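Q: model this:
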Amino acid sequence: PLGLQSRLNMKLIIAPLLLASASAFSTVVGPTAFRASTSLSATGVFYSTMTGNCETCGGHIVEALKGAGVDAGDLEEIGDADATAYDSLIVGAPTWHTGADSERSGTAWDQWLYETLPGLDLSGKKVAVFGVGDQEGYADNYCDAAGELYDQFKAAGCTLMGLTSTDGYNHGESKAEIEPGKFCGCMFDEDNQYDMSEDRAKAWVAQLQGEGFF
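A: Okay, here's the model as predicted:
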């Protein structure tokens, strides 16, 4: 059997080894856990509205995101929003200033796009656009403000995704139609095709998933 002095010497040797192992373990695990806890929320959905239609459609998109298991924040008014707090952005606007070259929405977007956006670093951030309009009453200016959102976020260095087909719409002209047969995002019409809005939101979210947006 080991004598008392031998047993004491072994304890003095083992104790520092255990402390060194614990220190090495905490050095590897600690920073990884910290980085995970400070990651950005995945997707922010921003809108501004005049009659409530854009808010309604934004709500359909948020519900579609949640239904698809996408990590998304609540629907937010752009005037109070922090667009830098999210990995990707979904942005939507109505059109009120028909025929205008800029500031087409008649909402808080008109100031935010030209006063706030230029001061933000959103380079490389993924952005998808939705618009709300009346394709029967304003056939020649359908969802023009959505085209403005697309142009300004693209100019800010963002990566725009989620283009959709113009099939199924009855508009004449639209600044949201950025190439023949293609809208710059998902367009809604709560005046004439309100019964299609939820399905359009779900299909668009599925498309964005397929494009790797989230």
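Q: residues of the lengthiest strand in the chain that come out buried?
A: The longest strand of the chain (DSSP state E) is strand 86-94. Within strand 86-94, the residues that qualify as buried are 86, 88, 89, 90, 91, 92, 93, 94, counting by 16 or more other CB atoms under 10 Å. In this view, the C-beta of every residue, glycine as well, is placed from N, C-alpha and C.
Q: got these as a markdown table, with pLDDT and distance to residue 107 columns?
A: Output for the buried residues of strand 86-94, formatted as a markdown table (pLDDT from 0 to 100; distance: CB to CB, whole Å):
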| residue | pLDDT | distance to residue 107 |
| --- | --- | --- |
| 86 | 93 | 20 |
| 88 | 96 | 22 |
| 89 | 97 | 17 |
| 90 | 98 | 16 |
| 91 | 98 | 12 |
| 92 | 97 | 10 |
| 93 | 97 | 6 |
| 94 | 96 | 7 |
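Q: And the strands in this protein?
A: According to DSSP E, the strands that the chain contains are 41-47, 72-77, 86-94, 126-132, 159-161, 164-165, 177-179, 182-183, 185-188.
Q: Ok, which of those strands comes nearest residue 140?
A: strand 177-179 (11.6 Å; CB to CB).
Q: Go ahead and name everything in contact with the closest one.
A: 147, 150, 163, 166, 183, 184 (CB atoms under 8 Å, 6 or more residues apart in numbering).
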